[in-house]
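J.: everything below, folded, please.
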Amino acid sequence: MVHPVELVLALLGATVAIAVLARCLGVPYPVLLTLGGLLLGLQPWTPPVNLDPHVVFVLFLPPLLYGAAFRTEWPDFRGQLRAITLLAVGLVLFTTTLVAAAAHYWVGIPWAAAFVLGAIVSPPDAVAAMAVTQRLRVPRVITTILEGESLVNDASALVALRLAIGALGAGAFSVWEAGGQFLFVSAGGIGIGIVGAHLVIRLHRWLDARELTDNPLTITITLLTPFAVYLPAEHLEVSGVLAVVAAGLWVGSRCEQVFSCDFYDEARAVWEWVEFMLNGLIFILIGLSIRPIIEHLDDQYTFEQILTAAAVVSGVTVVARLMWVYPGAYVPRWLDRRVLGSGDPYPSWREVTVVGWTGMRGVVSLAAALALPRTAPDGSPFPCRELIQFLTFGVIFVTLVGQGLTLPLLIRCLGVTALPGEVAEAEGNAHDNVRCAE
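T.: Okay, the predicted model is just below:
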């Protein structure tokens, strides 16, 4: 029996080794970490790893989302708000519906359970996408849209999942009730995040005014901030994800008013290390988690059946995003010109294609699948629970490895690169910390 501490240390060592290998090979590290975890998990001598979804939602998700939100430039985010909303809300619902239909008609999963699967696989994981796009220096508009989408789509998908699970026991679904619950959960989460961020900023200023703080203490407060807003939001049954995102955006947009340049440089180094280790662990755990899922399916389906089902659901998931991004990019601008007489310029089809291909799934989908209860709200066994978990892993594997490995090639073939001014500004930010320079 391997002690949990020894297992964590071994996984950290494997994460570092695989990440170094990924850099040597020029492969996005989330892809290689997932493959490495899968190969390790299938070995008979590897101890079984049962990933606790509560650990993922509480320990991994808040700091990763907060770090991404904190670094997001609010003016850029606001400028792409329509595109971000169409992807983070509209595309999530579209993918949920399309995957549910495919799972019901082609795989034979009951409608309610099919919508559960659709909600689980609907949100892309931005960590994998950004690991590729940042290295290749794509235009800022693409990174802004992808980062913004990732900050909101998790909340949309988790709310849709909650409604789908509730429909299992109720046997009926009300669009108005679902819409009202979505607005309540979203507004409540955002409100808690803003209030929490405001209190944290006041705490920083109070400590600084009385000279009661130093960089290690301040960094510790920033590390605790995402948990301080996530946990109360979840206990109040509103969106903890949106609470963390709102707090990160609120504090990040005011960092130059609160933090010194010296602190910002030190805190950035600490946060980069924390995010790297959390991302590395979660992607290698994704690969390791497959063996327990397969063992539960051995007696229920043939190997050909589950592979065919995984291929169908994965294909529909990829196609759904491509079907959405082109109308989502061009139709609103066309309507602006028809109704208002003016509008934003049409984006290049090459940039739209890159956004459409960055649909890799990851941590949120896996945690949501593993968190499925064994019984439905009405007390009956949860239908197709193990199959849903396997199909979720199939979608993660196909999109993460397939799209993750081909995305750099697609970007190069289409010639989608950042403008010289954007490259120079990015390099300046990296070396001179422009945000807190004054």
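J.: from now on I want contacts and neighbour counts done on CA atoms only, so please keep to that.
T.: Will do.
J.: give me the pLDDT value at the residue most central in space within the chain.
T.: By Cα atoms, centre = their mean, the chain has its centre lying nearest to Asp125, at 3.7 Å. Listed pLDDT for Asp125 reads 82.
J.: where in the stretch 151-300 of the chain is pLDDT low?
T.: The stretch 151-300 of the chain contains residues with pLDDT under 70 at 169-174, 298.
J.: show me where it has helices.
T.: Under the criterion DSSP state H, counting those that start in this stretch, the stretch 151-300 of the chain contains helices at 175-209, 215-235, 240-252, 255-258, 261-288, 290-297.
J.: most tightly surrounded among those helices?
T.: Of the helices of the stretch 151-300 of the chain, the one with the most neighbours on average (mean count of other Cα atoms under 10 Å) is helix 240-252, at a mean of 29.
J.: contacts for that helix, please.
T.: With contact meaning Cα atoms under 8 Å, 6 or more residues apart in numbering, helix 240-252 is reached by 62, 65-74, 151-152, 154-155, 186, 189-194, 196-198, 201, 226-227, 229-234.
J.: do that again at 7 Å, thanks
T.: 62, 65-67, 69-72, 74, 151-152, 155, 186, 189-190, 192-194, 196-197, 226, 229-231, 233-234 (Cα atoms under 7 Å, 6 or more residues apart in numbering).
J.: likewise stretch 288-297?
T.: By Cα under 7 Å, 6+ apart, the list of residues contacting stretch 288-297 from outside reads Gly37, Leu38, Leu40, Gly41, Leu42, Val49, Asn50, Leu51, Glu386, Leu387, Gln389, Phe390.
J.: quick one: the third one from Leu59, how far?
T.: Between Leu40 and Leu59 the distance is 23 Å, computed by Cα to Cα, to the nearest Å.
J.: pick out whichever of these two has more residues nearby.
T.: Higher neighbour count among Leu40 and Leu59: Leu40, with 18 against 14, using other Cα atoms under 10 Å.
J.: now do whichever helix or strand the more buried one is part of: which elements does it pack against?
T.: In the assignment (DSSP states H and E), Leu40 maps to helix 29-41. Packing partners of helix 29-41 (3 or more Cα pairs under 7 Å, 6 or more residues apart in numbering; DSSP states H and E): helix 4-25, helix 261-288, helix 290-297.
J.: now the angle from the longest one to helix 215-235?
T.: What it means is helix 261-288. Put simply, helix 261-288 runs at 50 degrees to helix 215-235, going by axes from the mean of the first three to the mean of the last three Cα atoms, to 10 degrees.
J.: quick one: helix 261-288 to chain centroid distance?
T.: Distance of helix 261-288 from the chain centroid (Cα atoms, centre = their mean, to the nearest Å) equals 15 Å.
J.: before we move on, the earlier item: distance to Leu168 added to the helices of the stretch 151-300 of the chain, as TSV?
T.: Formatted as TSV, these follow (distance: least, Cα to Cα, whole Å):
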stretch	distance to Leu168
helix 175-209	14
helix 215-235	22
helix 240-252	23
helix 255-258	45
helix 261-288	27
helix 290-297	22
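J.: among those helices, which is nearest Tyr105?
T.: Across these, Tyr105 has its closest neighbour in helix 290-297 (20.5 Å, Cα to Cα).
J.: picking up where we left off before, just the buried ones from the contacts of stretch 288-297?
T.: Buried by 16 or more other Cα atoms under 10 Å: Gly37, Leu38, Leu40, Gly41, Leu42, Val49, Leu51, Glu386, Leu387, Gln389, Phe390, out of these.
J.: ok, so of those, who is nearest Ser342?
T.: Closest to Ser342 out of the buried ones among the contacts of stretch 288-297 is Gln389 (47.0 Å), distances taken as Cα to Cα.
J.: chain neighbours aside, what residue packs nearest to the closest one?
T.: Closest residue to Gln389 apart from its sequence neighbours, by Cα to Cα, 6 or more residues apart in numbering: Ala369 at 5.2 Å.
J.: and the one you found, how many neighbours?
T.: By other Cα under 10 Å, 26 other residues sit near Ala369.
J.: could you do Leu12 as well?
T.: Neighbour tally, Leu12, other Cα under 10 Å: 17.
J.: what distance do you get for it to Val364?
T.: In terms of Cα to Cα, Leu12 sits 21 Å off from Val364.
J.: isn't Leu400 right up against Arg361?
T.: Yes. Leu400 is within contact range of Arg361, at 6.2 Å (criterion: Cα atoms under 7 Å).
J.: more neighbours: these two, which one.
T.: Per other Cα under 10 Å, whichever of Leu400 and Arg361 has more neighbours is Arg361, with 30 against 27.
J.: just the pLDDT for the spatially closest residue to Pro139 that is not a sequence neighbour.
T.: Leaving aside its chain neighbours, Pro139 sits nearest to Ala418 (3.9 Å; criterion: Cα to Cα, 6+ apart). Looking at Ala418, its pLDDT is 70.
J.: residues in contact with Ala418?
T.: The neighbourhood of Ala418, defined by Cα under 7 Å, 6+ apart, consists of Arg137, Val138, Pro139, Arg140.
J.: pull the contacting residues for Arg350.
T.: Leu414, Val416.
J.: state the distance from it to Tyr326.
T.: 11 Å.
J.: list the contacts of stretch 97-105.
T.: Contacts to stretch 97-105, defined as Cα under 7 Å, 6+ apart, come from residues Ile109, Pro110, Trp111, Ala114, Phe115, Leu117, Gly118, Val313, Val316, Thr317, Ala320.
J.: want to throw these into TSV with distance to Ala243, pLDDT and secondary structure?
T.: Compiled in TSV, those are given as follows (distance: Cα to Cα, whole Å; pLDDT from 0 to 100; DSSP: H, G, I helix; E, B strand; the rest coil):
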residue	distance to Ala243	pLDDT	secondary structure
Ile109	34	92	coil
Pro110	33	90	coil
Trp111	31	89	helix
Ala114	28	94	helix
Phe115	25	93	helix
Leu117	25	96	helix
Gly118	24	96	helix
Val313	31	97	helix
Val316	31	98	helix
Thr317	28	97	helix
Ala320	28	97	helix
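J.: those: which two are farthest apart?
T.: Using Cα to Cα, these span at most 20.5 Å, a distance reached by Pro110 and Ala320.
J.: neighbour count winner among those two?
T.: Under the criterion of other Cα under 10 Å, the comparison of Pro110 against Ala320 puts Ala320 first, with 22 against 17.
J.: just checking, the more buried one touches Thr95?
T.: Yes. Look at Ala320 against Thr95 with Cα under 7 Å: they come within range, at 5.7 Å.
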